[in-house]
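Colleague: sequence unknown, structure follows:
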């Protein structure tokens, strides 16, 4: 029997402060700016994994408010569940995974990101939700659909 392909599932949080600024990181592994997140562990509930990943990458504690998008990286087979979050504690710090952590305006955040990751911020700031999109790691592919 042939091996069955399995997707990885990741989570990311577009965390919005009361002043409208967005929590972003510059990843150590590739230098890209993104909303913090990562791969779910097999035993985790989705929102618990989201809280863990955002805290591990930023030092900030968040509360998920809304699933805003589902994104598939077509080259890697990673499906990302992206939530709009609000900060509830912690202090932004650089970590083993993040070379920089910053609160940026939405325009600043998206200007620093590739199209495939900037759209996550844009989608989190405006419904209707959730958006369903595919990308190649840099650019969007296909068209937006809503579930």
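Modeller: That came through fine. Because the structure is predicted, anything quoted here is derived from the model rather than measured.
Colleague: name the element residue 49 belongs to?
Modeller: helix 46-58 (DSSP states H and E).
Colleague: contacting residues for the one residue sitting closest to the centre of the chain?
Modeller: Nearest to the geometric centre of the chain sits residue 12, at 2.8 Å (CA atoms, centre = their mean). Applying CB atoms under 8 Å, 6 or more residues apart in numbering to residue 12 gives the contacts 34, 35, 36, 37, 38, 50, 53, 80, 81, 82, 83, 120. The C-beta positions use only the backbone N, C-alpha and C, and glycine is treated the same way.
Colleague: Next up, phi/psi of the third one, please.
Modeller: The phi and psi torsions at residue 36 (degrees, to the nearest 10) take the values phi -70, psi 150.
Colleague: Could you report the neighbour count for it?
Modeller: By the measure other CB atoms under 10 Å, the count of residues near residue 36 is 27.
Colleague: Need the pLDDT of it.
Modeller: What the model reports as pLDDT for residue 36 is 98.
Colleague: Then the last one?
Modeller: The predicted local confidence for residue 120 comes out at a pLDDT of 97.
Colleague: Verify the assumption that it is located in a helix.
Modeller: Yes - per DSSP: H, G, I helix; E, B strand; the rest coil, residue 120 lies within a helix segment.
Colleague: That one - how many residues pack around it?
Modeller: 27.
Colleague: And the fourth one, by the same measure?
Modeller: A count of neighbours around residue 37, defined by other CB under 10 Å, yields 24.
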